[in-house]
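1. The following comprises the amino acid sequence and a computationally predicted model.
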Amino acid sequence: GKSFSFPKESNQDTNFGRSAPAARVQAGELAAAPPRENASPLATLRGAKRREYLEKLLRSQVLSLYRRCLRSTQLCPDANWEKTMVYYVKSRFRDDVPSGNLAVSIAIGENELENMNFYHAAKQLKDVENSDENSDKEWH
C-alpha cells in the first residue's frame, strides 16, 4: 500500500530543533493520523455508530461460539452425555446474560469450548489406544 509521509517544512528556526511533524503535533495541527487504506471499519467510526458496530460484531461472535459449542457436543461418546451437554450449552447461553463486559464472557466461553474439545480429543485417543490393546490381545 501507499505510505503516508508528512510534508516537509522549510522553516526549521520556529521548530526549536524539533522535527516539523513533532512541532505540528505539539501545536495541535495534527489531531489524528490519517486513516490507512486497509484500516478496519472500526477505525473510522465514532460515537453511536462505533458502539453499534461493536455490538453487532460481538453478537456475531456470540452466535459463532454458540454454534461451535453445539457442534462440539456431537463429539460426546455417549448419547445421554451429549443430551446433557446440549442442555448445558443452551442454558449457559440463555441464562448467563453477562452483567459486565461481553468480550470477557466470550473469552470465558472460548476457554470452555477449548476445554470441551480437549476432553473429546483425549477420550478419542484413549478409545483408540484401548482398541489397539484389545486387538493386540486377540492376535497373541
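-> Received it, and whenever you're ready, just let me know what you need. Numbers count the residues shown, from 1 in each chain.

2. report the longest helix in the chain, please.
-> helix 102-139 (DSSP state H).

3. pretty sure residue 117 is touching residue 74, no?
-> No: Residue 117 is beyond contact range of residue 74, at 11.5 Å (criterion: CB atoms under 8 Å). Every residue, glycine included, has its C-beta placed from N, CA and C.

4. Next, count neighbours for residue 118.
-> Residues contacting residue 118 under the criterion other CB atoms under 10 Å number 10.

5. Give me the below-cutoff pLDDT ranges for the chain.
-> Scanning the chain with the threshold set as pLDDT under 70 gives 1-39, 41-42, 96-100, 135-140.

6. all helices of it, in order?
-> Under DSSP H, the chain gives helices at 20-26, 41-44, 47-73, 79-95, 102-139.

7. quick one: residue 109 and residue 65 touch, right?
-> Yes: counting by CB under 8 Å, residue 109 touches residue 65, with 5.0 Å between them.

8. picking that back up, out of residue 117 and residue 74, which sits in the more crowded spot?
-> Counted by other CB under 10 Å, residue 117 and residue 74 do not tie: residue 117 has more neighbours, with 15 against 10.

9. OK, contacts around the more buried one?
-> Each residue near residue 117 by CB atoms under 8 Å, 6 or more residues apart in numbering is listed here: 72, 75.

10. let's go with 6 Å and repeat that
-> Contact analysis of residue 117 by CB atoms under 6 Å, 6 or more residues apart in numbering lists residue 72.
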